[in-house]
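Participant: Pasting the sequence and the predicted coordinates here, then a few questions.
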Amino acid sequence: MRKIEAILGTVLVSFVLAYYAYQNLYKINPRSYLNNRVSTIYANEGVTYKNLKVLEDILEKSDIDAKGLSEIGTYLENIYIISKDEYFTREDSVIGILDPGFMYPIVLLKCKKYFHLDRDGVYILKEKYREKYKQILKNQDLFMVPDRGNLLLGTRDRELLELAQEEHYLNPKVVGILEKERAKNLGVFMVNLDRIKLLGFDKLFISGNINKDYLTGELVVGGNNRIIKSFVKYKNSPSQEKQPLVNGIYISENDKNDIDDFFMFLGYFLKGYDLGGKLKEKPEKIPYKPQEKKGYINIMEDQFFYGNMYLNNFINSKNDLGTFEISGYAKRKALIFEGRMKTKNLIRVIKEMEIGGQNDKNIQYPNREIRRVQTS
């Protein structure tokens, strides 16, 4: 009996030591890829089956084939998508970073079902799967580079090798945002404003959470410039009543130039989308419904924006897609937008916009030039 206990104790100690060595000596912290060379980052940390199951169900109701999405939570701990391209380019190239944690050996083995070794350290998606996923890949090759406990995926193999070989370090600003937003099951998208200097803003990220009832999101824009100072300086009277509740918009009485500059800044990061113009449009396509509440809302002292607007106005649709609500607050060196819509309205929007390519199965994509590293 003692011999069995000794063997079990030895096995347990060996496992703990092996796990410690893997985590601290071999494995690269995936956050260290998110350095100052990166222009945009999407991160979803703490991925779980439960969270992805909620998203899978919503996508399926939106007529998007998402079967098996929740299984990702069984094999992956963290997911990142980054780009080093200039933000406002016509066609960004992205790199996916998958962190399977202690499941790395199993995930790598499973990936070899879909990829074959192209040359030392670089795998390429097998032809039958390239054909199967050509709509997503747009007729491009997909490469994979395993890198010390993480899997790097992208359509440019040179970029994957460069990412694996470059210096790895943690960016304190990025780490701070990731820690703050870690609980959001839709993850967080951030723009590296250390690379993109625009109007004195130094922070921009958006995070989201979703369940079967509501989609909620938060957009944070930070900086120490005159625009933010203008919004922070202006204060409303406590519990000030403004604008009808449904399809009403309230913007604080700031300097018009500051408001226009701010909408221009947001429009830049929405790839030229005229957000300011959309907010100023008069809703004419869907009349008020008699049963809708038209009371007044209370504006908080530090609140500079409120909107409860019809979604159809933003995607040029004549169909009733419901409404979404946004509140904006000015706090110290940041403007914070908090948004909320019913999940059933999100499903309507996805179907209306055909975000999942519901009707584009016959689209023909041109062949793309494959960029490979020349080897001797």
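Facilitator: Happy to help now that I have it. Owing to the predicted nature of the structure, the values given are computational and were not obtained by experimental measurement.
Participant: okay, CA-based contacts and neighbour counts for the rest of this
Facilitator: Will do.
Participant: Surely residue 94 is in contact with residue 81?
Facilitator: Yes: using C-alpha atoms under 8 Å, residue 94 is in contact with residue 81, at 6.5 Å.
Participant: Confirm that residue 151 sits in a helix.
Facilitator: No: counting by DSSP: H, G, I helix; E, B strand; the rest coil, residue 151 is not found in a helix; it is strand.
Participant: residues in contact with it?
Facilitator: Neighbour list for residue 151: 96-99, 144-145 [criterion: C-alpha atoms under 8 Å, 6 or more residues apart in numbering].
Participant: again, only using 6 Å
Facilitator: 97-98, 145 (C-alpha atoms under 6 Å, 6 or more residues apart in numbering).
Participant: next one: residue 201
Facilitator: Residues near residue 201 by C-alpha under 6 Å, 6+ apart: 222-223.
Participant: how far away is it from residue 225?
Facilitator: Separation of residue 201 from residue 225 (C-alpha to C-alpha, to the nearest Å): 7 Å.
Participant: Just name the closest of the contacts of residue 151 to residue 307, please.
Facilitator: residue 97 (36.4 Å; C-alpha to C-alpha).
Participant: From what I see, the closest one and residue 82 are in contact.
Facilitator: No: counting by C-alpha atoms under 6 Å, residue 97 sits too far from residue 82 to count as a contact (8.0 Å).
Participant: More neighbours: the two, which one.
Facilitator: residue 97 (25 against 22; other C-alpha atoms under 10 Å).
Participant: Now do the helix or strand harbouring the more buried one: which elements does it pack against?
Facilitator: Applying DSSP states H and E as the criterion places residue 97 in strand 95-99. For strand 95-99, the packing partners by 3 or more C-alpha pairs under 6 Å, 6 or more residues apart in numbering; DSSP states H and E come out as strand 78-83, strand 150-154.
Participant: With mean pLDDT and distance to residue 42 as new columns, can those strands be given to me in CSV?
Facilitator: CSV is the format used below for these (pLDDT from 0 to 100; distance: least, C-alpha to C-alpha, whole Å):
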stretch, mean pLDDT, distance to residue 42
strand 78-83, 94, 5
strand 150-154, 95, 14
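Participant: Nearest to residue 164, out of those?
Facilitator: With C-alpha to C-alpha, the closest approach to residue 164 among the helices and strands packed on strand 95-99 belongs to strand 150-154: 8.2 Å.
Participant: Pull the distance from the closest one to the chain's centre.
Facilitator: How far strand 150-154 lies from its chain's middle: 17 Å, per C-alpha atoms, centre = their mean, to the nearest Å.
Participant: next helix or strand past that strand?
Facilitator: On the C-terminal side of strand 150-154, the closest following helix or strand by DSSP H and E is helix 157-165.
Participant: so where's this structure shaky on pLDDT?
Facilitator: Where the chain drops to pLDDT under 70, the residues are 1-26, 87-92, 196-197, 236-249, 253-257, 267-298, 355-376.
Participant: again, only using 80
Facilitator: Along the chain, segments meeting pLDDT under 80 span 1-26, 66, 86-92, 120, 135-136, 195-200, 233-301, 309, 313-316, 354-376.
Participant: Test my guess that residue 142 contacts residue 155.
Facilitator: Yes: between residue 142 and residue 155 there is a contact under C-alpha under 6 Å: 4.7 Å.
Participant: For residue 193, which non-adjacent residue is closest in space?
Facilitator: Nearest residue to residue 193, sequence neighbours excluded (C-alpha to C-alpha, 6 or more residues apart in numbering): residue 202, at 5.2 Å.
Participant: State the three-state secondary structure for the one you found.
Facilitator: Secondary structure assignment for residue 202 (three-state DSSP): strand.
Participant: My guess is it contacts residue 223. True?
Facilitator: Yes: with contact defined as C-alpha under 6 Å, residue 202 reaches residue 223; the gap is 5.0 Å.
Participant: can you list the domain ranges for the chain.
Facilitator: Domain assignment of the chain by automatic domain parsing yields the ranges 23-172, 197-353.
Participant: Please identify the most buried of the helices and strands packed on strand 95-99.
Facilitator: Of all the helices and strands packed on strand 95-99, strand 150-154 has the most neighbours on average by mean count of other C-alpha atoms under 10 Å, namely a mean of 22.
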